[in-house]
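Engineer: Kindly return the folded structure for what I paste below:
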Amino acid sequence: MLFRSSFDTRRINANASGGTDRGDYYVSFNDFVTDGINSQTADIALRDRDGARNKTWHTKLGLNLDNDWRLQLVAHNVDARTQYDGCFHPITFAIVHDCVGTTDQTTYRISAEQSGEKLTHAFGYSDTDIRHDNRSQGADAFASHGQLGRFEYTGSYRPAKGQTLIYGLDLQDERVVADESQQRDQNALYVEYEGELAKGVFFTAGTRRDDNDDFGAHTSSRVSLAVVRALRDGDTLKYRASYGTGFRAPSLYEIAYNRGPSSYPPAAGFVLGPEASKGYDVGLEFDTAHGLHFEATLFDQKITDEVYFDLATFSGYLQSPGDSHSQGLEIGLRAPLGKRLALLANLTSNETADTTNAQRLRRPKLYGNVGVQFATAGSLRLLVNARFARDAVDIDPVNFVDHVPLPDYTVVDASVNYTLTKQLELYGRVENAFDESYTEAIGFNTAGRAAYLGFRVHF
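Structural biologist: From the prediction side, this is the model:
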């Protein structure tokens, strides 16, 4: 429970769980409200705070029929409301800063699982209902109602110790109701092998065949290899690599938006096609018996015909013919500094290129976190962390200037947890502790210093 904070923010969390050998349950509730900040710099007339609220319920019920069969029911509901700036009035088409978006999402899923010595079977059916409504100065601007039904079957076969064959099917029915109703099916079959080829050598290989009503059949695949070696004094070294391909059909929401009243040229009427992707990564991990962890990963990803939202004129969804790239190096570190202190760090160097070979928007060339963690034997945990970004570019939608450099920034955050008893824990955090003025996207404000304080009660 968060009971005092900046921007009049409040969060209440509660959950309960229990069970026996026969069955179990889990119920949770989250209520989040904030007054927020003025989201866009262009809002110089209202200068109002753009707040948000979110209420989420989650329930899970499980029933064990016997030692082999289990039934489960999951229900999930999200009721959210967000204020924002920079929408278009549906009649005058003027840019206004009194904008409200609401989301009501309900999901139900029922499943049955059967576990055997060598064979397992899992069946599931889920139904999701999502309603989005957007209003500009109180007038209806854009609304959509989507439904997603999915039947899933996953089976596995273990012919020998350390060897598993996974297979299944995914039948999906998607519907959206906006100004024009749409419906389509996407069915898929997949198979994957997971196995330990030799001591410390692990291999996976899988393929998936998707058949989409609108965009035809596509095959995706992935292979990975990991080699784990035990060193002296309890240290371990792991080498890993993977390669995969992917396919994504434009969502019915993206298609409906381009056909709706909120879209205009060049997006209005633009016919979107599917995306394709492929990429690989190669890395290593080193762990010591004294708690040191280090990992490094080289990655390379290519997206063909990427679908994106038009950030220049906000006309809708567009598509870049050709290839966009991201490649670079990720490093992670956790190093003990004595019994109570630890150094935590992660760093990503990312070189990107869009279809014109220019740097991709809002993708810093260098970003990461560096922090120090302090912990006592049981009651106190403290983390001070600096997050930073370097060499990013964006588009200026007001002056229609592309690839404008964004200022580098470093922001310091801190968090603390203190356990008073087994049932009561206090926590707090300070974001942007030094009140840094920084920009992540041109035209959008960022929050200054903010403090939050709360408590957790365990029964």
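
Engineer: Export the host helix or strand of Phe299 to PDB, keeping only CA atoms.
Structural biologist: Following DSSP states H and E, one finds Phe299 within strand 293-309. C-alpha atoms of strand 293-309 as PDB (Å, rounded to 0.1, in the frame of the first residue of the first chain):
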ATOM      1  CA  HIS A 293      28.000 -12.400 -11.700                       C
ATOM      2  CA  PHE A 294      29.100 -11.000 -15.100                       C
ATOM      3  CA  GLU A 295      27.500 -11.500 -18.400                       C
ATOM      4  CA  ALA A 296      28.100 -10.000 -21.900                       C
ATOM      5  CA  THR A 297      25.900 -10.500 -25.000                       C
ATOM      6  CA  LEU A 298      26.500  -9.400 -28.600                       C
ATOM      7  CA  PHE A 299      23.200  -9.100 -30.600                       C
ATOM      8  CA  ASP A 300      22.000  -8.300 -34.100                       C
ATOM      9  CA  GLN A 301      18.400  -7.900 -35.100                       C
ATOM     10  CA  LYS A 302      16.800  -7.000 -38.500                       C
ATOM     11  CA  ILE A 303      13.200  -6.100 -39.000                       C
ATOM     12  CA  THR A 304      11.800  -6.100 -42.500                       C
ATOM     13  CA  ASP A 305       8.800  -3.800 -43.500                       C
ATOM     14  CA  GLU A 306       8.500  -2.500 -39.900                       C
ATOM     15  CA  VAL A 307       5.100  -1.100 -38.900                       C
ATOM     16  CA  TYR A 308       5.300   2.100 -36.900                       C
ATOM     17  CA  PHE A 309       3.100   5.000 -35.700                       C
END
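
Engineer: From the chain's centre, how far out is that strand? Work that out for me.
Structural biologist: Averaging C-alpha positions (C-alpha atoms, centre = their mean, to the nearest Å) puts strand 293-309 15 Å from its chain's average.

Engineer: Does anything pack onto that strand? Which helices or strands?
Structural biologist: If you count contacts as 3 or more C-beta pairs under 8 Å, 6 or more residues apart in numbering; DSSP states H and E, strand 293-309 packs onto strand 275-287, strand 317-336. The way it works is simple: take the backbone N, C-alpha and C, and place the C-beta from them, glycine included.

Engineer: closest one to Arg135 among those?
Structural biologist: Arg135 lies closest to strand 317-336 among the helices and strands packed on strand 293-309, at 21.0 Å (C-beta to C-beta).

Engineer: what's the following helix or strand after the closest one?
Structural biologist: Downstream of strand 317-336, the next assigned helix or strand under DSSP H and E is strand 341-353.

Engineer: Go through that following strand and flag the buried ones.
Structural biologist: Ala342, Leu344, Ala345, Asn346, Leu347, Thr348, Ser349, Asn350, Glu351, Thr352, Ala353 (16 or more other C-beta atoms under 10 Å).

Engineer: Now pLDDT and distance to Asn134 too, for these, in a markdown table please.
Structural biologist: Putting the buried residues of strand 341-353 into a markdown table (pLDDT from 0 to 100; distance: C-beta to C-beta, whole Å) gives the following:
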| residue | pLDDT | distance to Asn134 |
| --- | --- | --- |
| Ala342 | 97 | 45 |
| Leu344 | 98 | 40 |
| Ala345 | 98 | 41 |
| Asn346 | 98 | 36 |
| Leu347 | 98 | 38 |
| Thr348 | 98 | 34 |
| Ser349 | 98 | 38 |
| Asn350 | 98 | 33 |
| Glu351 | 98 | 36 |
| Thr352 | 97 | 31 |
| Ala353 | 96 | 33 |
